[in-house]
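>>> Got a predicted structure here, sequence first:
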Amino acid sequence: RLRAPELDALRQLRARWRAWAARCAEALEDRDPVPRPGVDQAALQALLREYDESVPVKDPGAHRLRRAVARLEWRRTAAALTADGDPAPLEKAAAAAKAARKLDIVACTPEAEELVALVSRAEAVEHRARSALAQRATLAFAKRVVADAKAIPLALEDAPRLAAAVDAAVDVGARATAALTTEGRQTTGDLAAQ
């Protein structure tokens with residue numbers, strides 16, 4: 001039997017790669033870039049370091065492993081959006097939703113799926129609020145937009161401005177109604193003083 005150092009090195013490389021691939025398969029769920037229960041981010045990063053340093057073979061498991069680490073980092077970042085108890089600004093939530101889509105983790109991460117849907121709803125409400133402000137929408141339409149905005153747990157920009165305009169319109173309407181009722185007759189001087 002012939003012995004060649006290159007062949008021995010190749011066999012060792014193949015054995016290292018197979019052992020790494022087996023550990024990688026044990027660490028991740030079968031199809032998604034999701035760690036199996038009990039596998040933390042440090043273990044995934046150690047596997048990636050080992051791959052980068054000692055497995056010179058291109059393996060699809062490394063890509064899944066990188067996505068799993070990115071997914072865990074994304075989850076930590078997304079959780080920090082509301083960690084202080086205040087609603088997250090729409091801008092930051094939209095950036096996190098964009099990152100989830102870029103990482104291709106929306107389908108395998110329920111929080112990402114929920115955030116993407118929430119951001120979509122919030123952006124639609126903000127668009128409707130901007131339109132209502134710009135086009136002087138009816139009070140009924142503006143009230144519906146404000147009610148929709150209150151159901152969104154994010155800090156919006158245009159919807160609060162619309163809510164202030166609705167409150168002012170309601171106040172003016174109430175004062176005008178009071179001025180026009182027979183019991184609450186006021187002079188134009190009284191109205192101007194208010």
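Sure, I can see it. This one's a predicted model, so the numbers in the text were calculated from it and none came from an experiment.

>>> Which parts of the protein are strands?
Taking DSSP state E to define them, one finds strands in the chain at 88-89, 154-155.

>>> ranking those by burial, who's on top?
strand 154-155 (a mean of 20; mean count of other Cβ atoms under 10 Å). The C-beta positions use only the backbone N, C-alpha and C, and glycine is treated the same way.

>>> quick one on the thing from earlier: to Leu103, which of the strands of the chain lies closest?
strand 88-89 (18.6 Å; Cβ to Cβ).

>>> Sheet partners, orientation included, of that closest one?
strand 154-155 (parallel) (DSSP bridges).

>>> For the strand it pairs with, what does the pLDDT average out to?
For strand 154-155, the mean per-residue pLDDT is 93.

>>> what comes into contact with it?
86-90, 93, 118-119, 122 (Cβ atoms under 8 Å, 6 or more residues apart in numbering).

>>> Show me these that map onto helices.
The helices, defined by DSSP state H, take in 90, 93, 118-119, 122 from these.

>>> how about TSV for the residues you listed, with distance to Ala70, neighbour count and pLDDT added?
Shown next, in TSV, are those (distance: Cβ to Cβ, whole Å; neighbours: other Cβ atoms under 10 Å; pLDDT from 0 to 100):
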residue	distance to Ala70	neighbour count	pLDDT
Leu90	23	21	95
Ala93	18	24	95
Leu118	21	18	95
Val119	19	21	96
Ala122	24	23	97
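
>>> rewinding a little: now render the strands of the chain as a markdown table, adding distance to Ala132.
Formatted as a markdown table, the strands of the chain follow (distance: least, Cβ to Cβ, whole Å):
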| stretch | distance to Ala132 |
| --- | --- |
| strand 88-89 | 21 |
| strand 154-155 | 18 |
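
>>> Looking at these, spot the one closest to Gly38.
So among those, strand 88-89 is nearest, using Cβ to Cβ, at 30.3 Å.

>>> I figured Pro35 hits Cys24, correct?
No - taking Cβ atoms under 8 Å as the definition, Pro35 is not a contact partner of Cys24, at 10.8 Å.

>>> ok, the two, which is more surrounded?
Cys24 (22 against 19; other Cβ atoms under 10 Å).

>>> low-confidence ranges in the protein?
Applying pLDDT under 70 to the chain picks out residues 1-2, 182-194.

>>> could you pull out the helices for it?
5-27, 41-54, 60-80, 90-103, 110-135, 139-150, 158-180, 188-193.

>>> Buried residues, the longest one. List them.
By neighbour count, and taking 16 or more other Cβ atoms under 10 Å as the criterion, the buried residues in helix 110-135 are 111-112, 115-116, 118-119, 122-123, 125-126, 128-130, 132-133.
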